[in-house]
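In: Below: sequence and its predicted model.
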Amino acid sequence: MERKIIHIDADCFFAAVEMRDNPALANVPLAIGGPEKERGVIATANYQAREFGVHSAMSSAKAKLLCPNLILLRGNMEKYRLASRQMHAIFRNYTDLIEPLSLDEAYLDVSDCKLCYGSATLIAEEIRERIRLTVGITVSAGIAGNKFLAKIASDMNKPNGQFVITPSEQDEFIKQVPVKRIFGVGKVSQEKLRHLNVHTCEDLQKVEFKKLHNVFGKFAYRLQQLSFGIDSREIATNHIRKSLSVENTFRHDLVSLEECQAQLPMLLEELNGRLKSKNLLHQQQKMYLKMKFNNFQQTTVERMLPNSSQYSSFCELMEIAYQRQSLPVRLIGIGYRLKHDMTNQLSLF
Ligand SMILES: [Mg+2]
């Protein structure tokens, strides 16, 4: 099945935020990083600074040497985190399948997004425009059928641009991509590939697999797949689910507690199925039941997980909820609040 992946990457992110907040910095060479006297390193350089050869991961001392007029700021992570959160709030209008790579970079799977006529190209344009207007910085986007290609594409029209690799162009496009653009191909692998006379993905496609396997072992298969532009990695969301529930709105209101309880086995089956499919068994912390009456008022009953059976516990919750109004019931929902550990999220924000 064809997927639509967008890779979003802000243009000189930290520097762009500073330029946004201080117009005096807008047209001068600027870098964010540690002071040269403290053996600092450049985190981000704006495009003016890049013209002098300044780039990220370079020592601040060297950057100052290349560009004596360079303005070097320590930066303000709080501001960057806020900008990142604003970007993510925009992403979430289009999909829940978001994989952050850093504060300013993320993959979005928009295969199921119905907005913008379902066009990933239009979605990327809209996202970029909304970020420009609300966050006040520019981002670039790459649109393709997988993560590997989308990431390459986002670099094609940087800054403030986007690039699409359509499924029909993919095979032709990948041929000219240098192998160093393949993730996992660092300096050492590049050197090994050079020995095999491999520079582009097209070269890599043509290498006999056995030969590749001799040099790269297990990695050889993956390497050759990528050289054909094949990458089936899913979006690794680190969205933390706080609860899981199912609900049903009934075509006819349920007029007694017994009628309500008769719905429970079906709801439970669905809930347990979802718990299982999402791998959330044993994560339950609390159980809750929501009931909406025909006057549209809604009530929720919640409790810690009891020792008694799931069925009888939800039956009890149902009785409590029902007695609060004793009116005909339009909707019943049941679910669990889940335990979660915050470590993933903390490392990001
Ligand atoms: Mg960036």
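Out: On my side now, so go ahead.
In: from memory residue 47 sits against residue 160, does it?
Out: No: with contact defined as CB atoms under 8 Å, residue 47 does not count as touching residue 160 (10.3 Å). Heads up, the C-betas are built off the backbone N, CA and C, glycines and all.
In: Identify the contacts common to those two.
Out: Common contacts of residue 47 and residue 160, defined by CB atoms under 8 Å, 6 or more residues apart in numbering, comprise residue 11.
In: got the phi/psi numbers for residue 300?
Out: phi -130, psi 140 (degrees, to the nearest 10).
In: Check whether it really touches residue 292, as I assumed.
Out: No: counting by CB under 8 Å, residue 300 sits too far from residue 292 to count as a contact (9.9 Å).
In: Alongside the ion, which residues does the stretch 51-200 of the chain contribute?
Out: residue 104 (CB under 5 Å from the ion).
In: Can you show me the helices along the stretch 1-150 of the chain?
Out: 13-21, 47-50, 60-66, 77-91, 120-134, 147-154 (DSSP state H, counting those that start in this stretch).
In: Of those, which stretch is the most buried?
Out: When you average the neighbours per residue for each of the helices of the stretch 1-150 of the chain (mean count of other CB atoms under 10 Å), helix 147-154 leads with a mean of 24.
In: Which secondary structure elements does it sit against?
Out: strand 5-10, strand 105-109, strand 139-144, strand 162-164, helix 167-175 (3 or more CB pairs under 8 Å, 6 or more residues apart in numbering; DSSP states H and E).
In: do that again at 7 Å, thanks
Out: Applying 3 or more CB pairs under 7 Å, 6 or more residues apart in numbering; DSSP states H and E, one finds that helix 147-154 contacts strand 5-10, strand 139-144.
In: Give me the neighbour count for the nearest residue to residue 100 once chain neighbours are set aside.
Out: Using CB to CB, 6 or more residues apart in numbering and skipping the chain neighbours, the partner closest in space to residue 100 is residue 106 (4.7 Å). Other residues near residue 106 number 21, with proximity taken as other CB atoms under 10 Å.
In: Bridged to residue 106, which residues?
Out: In this structure, residue 106 bridges to residue 8, residue 100 when assessed by DSSP bridges.
In: give me the element the closest residue to residue 163 other than its chain neighbours is part of.
Out: Among residues not flanking residue 163 along the chain, residue 156 sits closest, at 3.7 Å (CB to CB, 6+ apart). Residue 156 is part of no helix or strand, with elements assigned from DSSP states H and E.
In: Same question for residue 271.
Out: Counting by DSSP H and E, residue 271 is found in helix 264-277.
In: how close does the residue nearest to residue 163 get to the ion?
Out: Using CB to the ion, to the nearest Å, residue 156 is found at 14 Å from the ion.
In: pLDDT score assigned to that residue?
Out: pLDDT for residue 156: 95.
In: wait, doesn't residue 107 sit right on residue 9?
Out: No: using CB atoms under 7 Å, residue 107 is not in contact with residue 9; the gap is 10.1 Å.
In: Pick out whichever of the two has more residues nearby.
Out: residue 107 (25 against 20).
In: for the nearest residue to the more buried one once chain neighbours are set aside, what are its contacts?
Out: Distances taken as CB to CB, 6+ apart place residue 99 nearest to residue 107, at 4.3 Å, with adjacent residues excluded. By CB atoms under 7 Å, 6 or more residues apart in numbering, residue 99 lies in contact with 106, 107, 235, 236, 237.
In: please redo it, this time with the cut-off set to 10 Å
Out: By CB atoms under 10 Å, 6 or more residues apart in numbering, the residues touching residue 99 are 5, 7, 105-109, 147, 233-239.
In: again with residue 140
Out: The contact partners of residue 140, by CB under 10 Å, 6+ apart, come to 7-11, 124, 128, 153-163.
In: For my notes, confirm residue 334 occurs in a strand.
Out: Yes: Residue 334: assigned to a strand according to DSSP: H, G, I helix; E, B strand; the rest coil.
In: Across the sheet, point out what pairs with it.
Out: Residues in beta-bridge contact with residue 334 (DSSP bridges): residue 246, residue 289.
In: That one reaches residue 287, doesn't it?
Out: Yes: applying CB atoms under 10 Å as the test, residue 334 and residue 287 come out as touching, 7.4 Å apart.
In: can you list residues touching both of the two?
Out: Shared contacts of residue 334 and residue 287, defined by CB under 10 Å, 6+ apart, are found at 245, 271, 310, 314, 317.
In: residues contacting residue 8?
Out: In this structure, residue 8 makes contact with 87-88, 90-91, 98, 100-101, 104-108, 124, 127-128, 131, 139-142, 150, 154, 162, judged by CB under 10 Å, 6+ apart.
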